[in-house]
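Enquirer: Sequence isn't available, so here's the structure alone:
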């Protein structure tokens, strides 16, 4: 019987991250995957949508005939590219010394995993197990999946036709990115959320910027409204919201509920606690109720985003290797690939007192920065938030074309407990976006000094 230090079940972004992290520390690692390397994120989620938007932005003429998008050609290009990327992930695992097994992994105990493949089973021994089996979409009780009419986000690349009007339910980051993608494809987009704002837990200025961006794209926002009824009217759907709003759509995309893929893990016999939506319950070390068995990614019940999944994979792997680390979600950037991009890390000023800080911010408007004039990017802003008493950076928010890249610099300052002066002293030329971080930090530092002087 083969034995390993760590066995990872599931090769999505969380599982691959965990396997690579453990292998980098000298562990003998095996990863088990029943389908394709990369999971939902790589084949159905952010990666293909982001890649597709890039193709339409930079190479639209390659996929357009007389102004009409050749969707079949576009989607085939996307799916073929994701297969290539999946192979690259696989090669990286192999080069890192990770053993890959194709099949269904079933933990029999915290030290034994059974693999089912081609009608045969075999057992492998292990010291620790990391479960990264992901999640699956589930329909609403009143809105079941139905052919190409009502579909989950996981199925959008299976259909090579684009609706003239699409109703997207679920206003989180992926819902916004999906709305932008369909708008670029030529659909009239309705974006719905039960919440009155797209991201209630984010900086209000960030929410405002995102909502304004979507409105500029002529995406109809239907916020704080629940669907009341729908019925087929020939080839379209007549939709009524609870507030009496009526409109027609050709397709409904559900970007809502998901449940953990734990049904086949026999968690009850293992003693692993499972939640109401079949999610695996974990502590801040990402360990389940059974010592030695960890769980990461959307299998734990949260919405999957690559940055969070990858960080969870690393933390779980570290703990499986004997460390004692806790996951800190404040250190993981929140990113939406909108126009412009939205990125946030740490806390924003209004919520800082809930975390024991007295937040004070510097806000640099893009229109006052040189890059904005050079690149004709007038919208957006850069915020740096620091504790008024210590001057330590506790958060930052960026709305700018490359916010997803720039936020990592702010995140590093938050993670390392750097003072705002460290960002003020950044060595950079004034023609780039990074100047926004430096200017926001300067304004924040000035605000802190003014605050001290007024006391």
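Expert: Alright, I've got the coordinates. All of these numbers come straight from a predicted model, not from anything done at the bench. Numbering: from 1, shown residues only.
Enquirer: Okay, now the unreliable bits of the stretch 301-450 of the chain?
Expert: Applying pLDDT under 70 to the stretch 301-450 of the chain flags the ranges 303-304.
Enquirer: Residue 161 - nearest residue in space that isn't next to it in sequence?
Expert: Among residues not flanking residue 161 along the chain, residue 71 sits closest, at 6.6 Å (Cβ to Cβ, 6 or more residues apart in numbering). (Glycine included, C-beta is placed from N, CA and C.)
Enquirer: er, residue 127 actually
Expert: Residue nearest to residue 127 in three dimensions, not counting chain neighbours: residue 5, with 5.1 Å by Cβ to Cβ, 6+ apart.
Enquirer: so how many other residues sit close to the one you found?
Expert: Neighbourhood size, residue 5 [other Cβ atoms under 10 Å]: 17.
Enquirer: cool, and the one 4 residues further on?
Expert: By other Cβ under 10 Å, 27 other residues sit near residue 9.
Enquirer: Just the pLDDT for it.
Expert: Looking at residue 9, its pLDDT stands at 97.
Enquirer: Could you verify my assumption that it touches residue 116?
Expert: No: look at residue 9 against residue 116 with Cβ atoms under 8 Å: they stay out of range, at 11.7 Å.
Enquirer: hang on, the earlier thing: tell me if I'm right that the residue nearest to residue 161 and residue 163 touch.
Expert: No: Residue 71 is beyond contact range of residue 163, at 10.6 Å (criterion: Cβ under 8 Å).
Enquirer: So which of these two has more stuff around it?
Expert: residue 163 (22 against 15).
Enquirer: Please, which helix or strand holds that one?
Expert: Counting by DSSP states H and E, no helix or strand carries residue 163.
Enquirer: how far away is it from residue 281?
Expert: Counting by Cβ to Cβ, to the nearest Å, the gap from residue 163 to residue 281 is 38 Å.
Enquirer: returning to that earlier point: how about the residue nearest to residue 161, what does it touch?
Expert: 160, 161, 162, 185 (Cβ atoms under 8 Å, 6 or more residues apart in numbering).
Enquirer: Tell me, how many residues neighbour the closest residue in space to the last one that isn't next to it in sequence?
Expert: If I follow you right, that is residue 185. Excluding the flanking residues, the one nearest residue 185 by Cβ to Cβ, 6+ apart is residue 162, at 4.9 Å. The local packing of residue 162 (other Cβ under 10 Å) involves 18 other residues.
Enquirer: surely residue 162 meets residue 69?
Expert: Yes: contact status for residue 162 versus residue 69: in contact at 7.0 Å, counting by Cβ under 8 Å.
Enquirer: Overlap of the contact sets of the two?
Expert: Shared contacts of residue 162 and residue 69, defined by Cβ under 8 Å, 6+ apart, are found at 185, 186.
Enquirer: how distant is whichever helix in the chain runs longest from the center of its chain?
Expert: Across the chain, the helix with the greatest residue count (assigned by DSSP state H) is helix 71-95. With Cα atoms, centre = their mean, to the nearest Å as the basis, helix 71-95 stands 19 Å off its chain's centre.
Enquirer: Pull out the buried positions in that helix.
Expert: By 16 or more other Cβ atoms under 10 Å, the buried positions in helix 71-95 come out as 74, 75, 77, 78, 82, 85, 86, 89, 90, 93.
Enquirer: wait, what's in contact with the closest residue to residue 144 other than its chain neighbours?
Expert: In space, and not counting its chain neighbours, residue 144 is closest to residue 150: 6.9 Å by Cβ to Cβ, 6+ apart. Residue 150 is in contact with 139, 143, 144, 251, 252, 254, counting by Cβ under 8 Å, 6+ apart.
Enquirer: Mind doing that once more with 10 Å?
Expert: Going by Cβ atoms under 10 Å, 6 or more residues apart in numbering, residue 150 touches 139, 140, 143, 144, 167, 169, 230, 237, 251, 252, 253, 254.
Enquirer: Then residue 181?
Expert: Taking Cβ under 10 Å, 6+ apart, we find residue 181 in contact with 48, 49, 50, 52, 53, 56, 156, 168, 187, 189, 337.
Enquirer: Could you rerun that using 6 Å?
Expert: Counting by Cβ atoms under 6 Å, 6 or more residues apart in numbering, residue 181 touches 49, 52, 53.
Enquirer: Turn those into CSV, including distance to residue 126.
Expert: What follows is the contacts of residue 181, written out as CSV (distance: Cβ to Cβ, whole Å):
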residue, distance to residue 126
49, 35
52, 38
53, 40
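Enquirer: now, which of the buried residues of helix 71-95 sits nearest residue 315?
Expert: residue 93 (19.1 Å; Cβ to Cβ).
Enquirer: quick one: which of the contacts of residue 150 is nearest residue 270?
Expert: Nearest to residue 270 among the contacts of residue 150 is residue 139, at 28.8 Å by Cβ to Cβ.
Enquirer: number of nearby residues for the closest one?
Expert: Close neighbours of residue 139, defined as other Cβ under 10 Å, add up to 15.
Enquirer: how near is it to residue 259?
Expert: Going from residue 139 to residue 259 by Cβ to Cβ gives 11 Å.
Enquirer: Report the mean per-residue pLDDT for stretch 147-164.
Expert: Averaging pLDDT along stretch 147-164 gives 89.
Enquirer: Relative to the whole chain's centre, how far out is it?
Expert: The chain centroid and the centroid of stretch 147-164 are separated by 21 Å, computed with Cα atoms, centre = their mean.
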